[in-house]
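Enquirer: Fold the following and give me the result.
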Amino acid sequence: MVLADSTYKSIWRISMPIIVGLVAQNLMVVIDTAFLGRLGEITLGASAIGGIFYLCLVMLGSGFAVGTQIMIGRRNGERKYRSIGRIVDHAVYFMLFLAALVFLLLSFGAPQFLGWFLKSDAVLGESLVFLSYRRFGIFFGFLNLSFSAFYIGTTRTFILSASTILMALVNIVLDYTLIFGHFGFPQMGIAGAALATNIAEAVTFLFFVGWTWQRGYFRAFGLFRFWKPRWRLYRPLLRLAIPVMFQFFLSFAAWFVFFMIIEQISETALAASNITRSFYMLLMIPVWGLSSATNTMVSNLIGQGKMDQVIPLIKKMLLISVGCTLVVIQANLFFPAKIAAFFTDEAYLVEATVPLLYVVSFALIAFSVGMVVFSGLSGTGKTMVALRIEILSILFYLGCAFTLAVGFGAPAPVVWFVEVVYFSLLGLFSYIYLRKGSWRLLNI
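Expert: I've put the predicted structure just below:
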């Protein structure tokens, strides 16, 4: 499906299924956190550390999927549909190889690495239990990313809503069953949360295969013909994807380090920050969906030779993004205590979480601008430039967080304010580059 225009209707047609899918996906995180919050602040803090460490490595696959998505979007705009199958097949080969490397790293590197940084032995032990189960889901997770890249790149985003809702439903039911030991199953605690997500990802993979086969996309796009790997195809794909892989990895690695800094404050600050992270990510969803749509729509327009429509498209995306964010943060501003109480029964954790929710309301406004402009830049194919911008922003972000928390002993709400700084810098640097116009010279 070629993008016919960049009207608000087209933007919503592509963005809305992605947003719905992300709502379902992040609902899993919210429910996980709410369930684990009933097991105490140690388990709650460990799920934050283990989950973010896992996500750091998963972001390598997500970054490669975005690079794949950009190339698929470009070929889709050029109407070179048969070449899309070769791109997807080569992406799958690489994803499986990468998943094997991540599995080995989680198996043999995580205990020593986390042991270097964590002050609490109890949090370390629970984090390692989580990762020992969660690592087995990496293969299905990376294959699902390949399917997502295909469907977003070809602007067939409806399937993402259905697949992620299915994954969320399976995960939530299994969370309830395995974490607390209902319906005759053993009580597994944090290990049950990891196992539930693994099974949900496997079910989602089978759904993707069945749907793609039933719709005839295997034949129409030449998917999964298992072409012999060709370096001629990998070269442009990796040129696009590797900077995005490192950009995504560094972004979540920075968040992992950020939580390591928070852990130095106290176990309570870490637990409250995990509650904040869960709701923060839920409120990020409209912007994540719009950013993903911005990425593929920019690439699609360039593939059609409509470069003059790129900046107007980004401006429309910004208007929608900021408007959506101003709506969703109202819950943060007016009902912070009720939100925190959903995740924990402990009054002291609710009290510690409320000021953090106020802070992330400001961060979400900066995010709604910075991420859309940054995704527009990535969609032009200038992924190496995007990586440099990410590195500069992260260095400033972590420097501020470390100085505030360790150097000045600042409380968690003050440290969390660096999120505003990070997204503001990301958007500012991206805007400056887009205004220069040299992205028009790229050919992929």
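Enquirer: what distance separates the helix or strand hosting Val123 from the centre of its chain?
Expert: Using DSSP states H and E, Val123 sits within helix 121-134. Offset of helix 121-134 from its chain centre (CA atoms, centre = their mean, to the nearest Å): 22 Å.
Enquirer: Please verify my assumption that Leu357 contacts Phe279.
Expert: Yes - under the criterion of CB atoms under 8 Å, Leu357 makes contact with Phe279 at 6.8 Å. Quick note: C-beta positions are derived from backbone N, CA and C, even for glycine.
Enquirer: Please enumerate the shared neighbours of these two.
Expert: Residues within reach of Leu357 and of Phe279 at once, by CB atoms under 8 Å, 6 or more residues apart in numbering, are Asn332, Ile339.
Enquirer: Asp345 reaches Arg38, doesn't it?
Expert: Yes - in this structure, Asp345 is within contact of Arg38 by CB under 8 Å, at 6.9 Å.
Enquirer: Out of the two, name the residue with the larger neighbour count.
Expert: The neighbour comparison of Asp345 against Arg38 (other CB atoms under 10 Å) goes to Arg38, with 14 against 9.
Enquirer: Now the following helix or strand past the helix holding Val123: average pLDDT?
Expert: Per DSSP H and E, helix 121-134 leads on to helix 138-153 as the next helix or strand towards the C-terminus. Per-residue pLDDT over helix 138-153 has a mean of 89.
Enquirer: which non-adjacent residue is nearest Trp211?
Expert: In space, Trp211 comes closest to Ile159 once its chain neighbours are excluded; the distance is 5.8 Å by CB to CB, 6 or more residues apart in numbering.
Enquirer: contacting residues around Phe256?
Expert: So Phe256 contacts Ile49, Ile52, Phe53, Cys56 (CB under 8 Å, 6+ apart).
Enquirer: For it, what is the enclosing helix or strand?
Expert: Secondary structure assignment for Phe256, by DSSP H and E: helix 231-265.
Enquirer: May I see the buried residues of that helix?
Expert: Applying a neighbour-count criterion of 16 or more other CB atoms under 10 Å, one finds 233, 236-238, 240-265 buried in helix 231-265.
Enquirer: Now do the residue of the chain most remote from its centre against Ala162, distance only.
Expert: What lies farthest from the middle of the chain is Gly184; by CA atoms, centre = their mean that is 34.2 Å. Distance of Gly184 to Ala162, computed by CB to CB, to the nearest Å: 30 Å.
Enquirer: Near Leu364, how many other residues are there?
Expert: What Leu364 shows, counting by other CB under 10 Å, is a neighbour count of 24.
Enquirer: er, Gly45 I mean
Expert: Gly45: 29 surrounding residues under other CB under 10 Å.
Enquirer: Verify the contact between it and Asn274 for me.
Expert: Yes - with contacts counted by CB under 8 Å, Gly45 reaches Asn274, the gap being 6.1 Å.
Enquirer: doesn't Ile365 make contact with Leu326?
Expert: Yes - assessed by CB under 8 Å, Leu326 is found in contact with Ile365 at 7.4 Å.
Enquirer: For Ala48, see how far away the closest residue to Ile52 other than its chain neighbours is.
Expert: Sequence neighbours aside, Phe256 is the residue nearest to Ile52 in space, at 4.7 Å (criterion: CB to CB, 6+ apart). Separation of Phe256 from Ala48 (CB to CB): 10 Å.
Enquirer: picking that back up, Leu326 and Ile365 - which one has more neighbours?
Expert: Taking neighbours as other CB under 10 Å, Leu326 and Ile365 compare with Ile365 leading, 18 against 13.
Enquirer: give me every residue that touches that one.
Expert: Val322, Thr325, Leu326, Ile329.
Enquirer: what's the pLDDT at it?
Expert: Predicted confidence (pLDDT) for Ile365: 95.
Enquirer: dump the residue contacts of Leu128.
Expert: Leu128 neighbours (CB under 8 Å, 6+ apart): Gly50, Ala110, Pro111, Leu114.
Enquirer: repeat that for 10 Å
Expert: Ala46, Ile49, Gly50, Ala110, Pro111, Leu114, Gly115, Leu118 (CB atoms under 10 Å, 6 or more residues apart in numbering).
Enquirer: Filter the residues you listed down to the buried ones, PyMOL style.
Expert: The buried residues among these can be selected in PyMOL (16+ other CB under 10 Å) with this line:
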select buried, resi 46+49+50+110+114+118
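Enquirer: Now, the contacts of Leu128 that are in helices?
Expert: Ala46, Ile49, Gly50, Ala110, Pro111, Leu114, Gly115 (DSSP state H).
Enquirer: on that earlier part again, for the helix holding Val123, which positions count as buried?
Expert: Those would be Val123, Leu124, Glu126, Ser127, Leu128, Val129, Phe130, Leu131, Ser132, Tyr133, Arg134, for helix 121-134 by 16+ other CB under 10 Å.
Enquirer: Identify the contacts common to Gly45 and Asn274.
Expert: Residues touching both Gly45 and Asn274 by CB under 10 Å, 6+ apart: Leu36, Phe259, Ile262.
Enquirer: okay if I get those residues as a markdown table plus pLDDT and distance to Met297?
Expert: What follows is these, written out as a markdown table (pLDDT from 0 to 100; distance: CB to CB, whole Å):
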| residue | pLDDT | distance to Met297 |
| --- | --- | --- |
| Leu36 | 79 | 37 |
| Phe259 | 84 | 33 |
| Ile262 | 88 | 36 |
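Enquirer: Nearest to Gly305 among those?
Expert: Nearest to Gly305 among the shared contacts of Gly45 and Asn274 is Phe259, at 44.6 Å by CB to CB.
Enquirer: In contact with Val88: list those residues for me.
Expert: 68, 72, 146-147, 149-150, 153-154, 212, 217, 221-225, 227.
Enquirer: coming back round to it: need the overlap of contacts for Asp345 and Arg38.
Expert: Joint contacts of Asp345 and Arg38 (CB under 10 Å, 6+ apart) do not exist.
Enquirer: Once you drop chain neighbours, what's closest to Leu270?
Expert: Closest to Leu270 by CB to CB, 6+ apart is Gly45, at 4.1 Å.
Enquirer: my guess is that neighbour meets Phe130, correct?
Expert: No - in this structure Gly45 lies outside contact range of Phe130 using CB atoms under 10 Å: 11.2 Å.
Enquirer: Count the neighbours of Arg435 for me.
Expert: 8.
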